[in-house]
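J.: Sequence and predicted model, in that order:
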Amino acid sequence: MSPIQHLYPDEVEDLQRSRREGDYLLIDVRQPEEYAQSHIPGARLLPLPALEDRLAEIPADRDVIFYCRSGSRSSVAAALLAEGQRGRTGAIGNLVGGILAWEGHDIRHIPHLETFPRDLPMHQILYRAMNLEKGAHLFYLDLTEETQWADLARELGDVERRHARALYGFWVRHHPAQDHEPFDALFERMDGNVMEGGKPMAAWLAQLHEQAVDRRLRLLEVACEIEYHAYDLYRTLAHRAPAGSEEEQAYLTLANQEKAHIRIVTKALTTHP
């Protein structure tokens, strides 16, 4: 799996000045109507929902930089290419902050998930993974208020809770304590605050609900980021588990389920009003 470089606008500008245009690809993974409104000159449109089926169109020896509106969808695109294209020798980049940052907009208001070190003790990573699932569960519960996605959001919210329950068994196994709080009580007590700066998920959602312009698109971007972080985290856990163990297989199963969720969410991008 190729490493992903997270590039800021000035770094992409430096690359454009120092490289011939044919030496790299700049790919916009937004929807056609977004691309038509504004795009970075020279960028090729390849919407995220179509990316997995069109990976063969991207030369494996060419450096690629993905971008979207804010950096959420392009992070997913970079991960899909890194995992899905065998024999890739070209570099993979993601434009941090997306076209908003490129155009000089203030991107501090855009919600992003808080990252954490992956070399923590296993029980601490598992606890944070459960809390990530709690945050996802709360997010989808809120999304059930969107009539268009109510059934899908309810289903995904239930799945996130089941994921947390699966993680709980391994957390108990790795946690040094003798007595452990039952799962239902622990999950209820978790705050699900997984956004940068410790801002509660509910506060971010309330802010998004107040924004009439592109509100549903922004909700889907948050969903993309949640599912991508969960997918990446479970791959990390599988890597740390003993090779061939039941635990490794459980994490890989969870990762595959999160990848399926990514596909579901990106498909919803094609139908958002």
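T.: Right, received. Where do you want to start? Numbers count the residues shown, from 1 in each chain.
J.: Most distant residue from the centre of this structure?
T.: Q178 (34.8 Å; C-alpha atoms, centre = their mean).
J.: residue boundaries of the strands in the chain?
T.: Counting by DSSP state E, one finds strands in the chain at the ranges 4-7, 24-28, 44-45, 63-67, 92-95.
J.: Redo those strands as a markdown table? Include mean neighbour count, mean pLDDT and distance to R218.
T.: Placement of C-beta: from N, CA and C, glycine included. Listed next are the strands of the chain as a markdown table, based on neighbours: other C-beta atoms under 10 Å; pLDDT from 0 to 100; distance: least, C-beta to C-beta, whole Å:
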| stretch | mean neighbour count | mean pLDDT | distance to R218 |
| --- | --- | --- | --- |
| strand 4-7 | 16 | 93 | 20 |
| strand 24-28 | 22 | 97 | 17 |
| strand 44-45 | 14 | 97 | 20 |
| strand 63-67 | 25 | 97 | 16 |
| strand 92-95 | 25 | 96 | 18 |
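J.: I'd like to know which of these lies nearest to R162.
T.: Set against R162 and scored by C-beta to C-beta, the strands of the chain come closest in strand 4-7, at 29.0 Å.
J.: Any figure for the gap between the residue farthest from the centre of the chain and I4?
T.: Using C-beta to C-beta, to the nearest Å, Q178 is found at 41 Å from I4.
J.: Where does pLDDT dip in the stretch 1-150 of the chain?
T.: 1-2, 108-109, 111 (pLDDT under 70).
J.: change it to 80
T.: Within the stretch 1-150 of the chain, the segments meeting pLDDT under 80 span 1-2, 106-118, 146-149.
J.: Can you list the residue ranges for helices in it?
T.: Counting by DSSP state H, counting those that start in this stretch, the stretch 1-150 of the chain has helices at residues 9-18, 32-37, 48-51, 72-84, 98-102, 122-143, 150-174.
J.: Now do the buried residues in the first one.
T.: Buried positions in helix 9-18, judged by neighbour count with 16 or more other C-beta atoms under 10 Å: 9, 12, 15-16.
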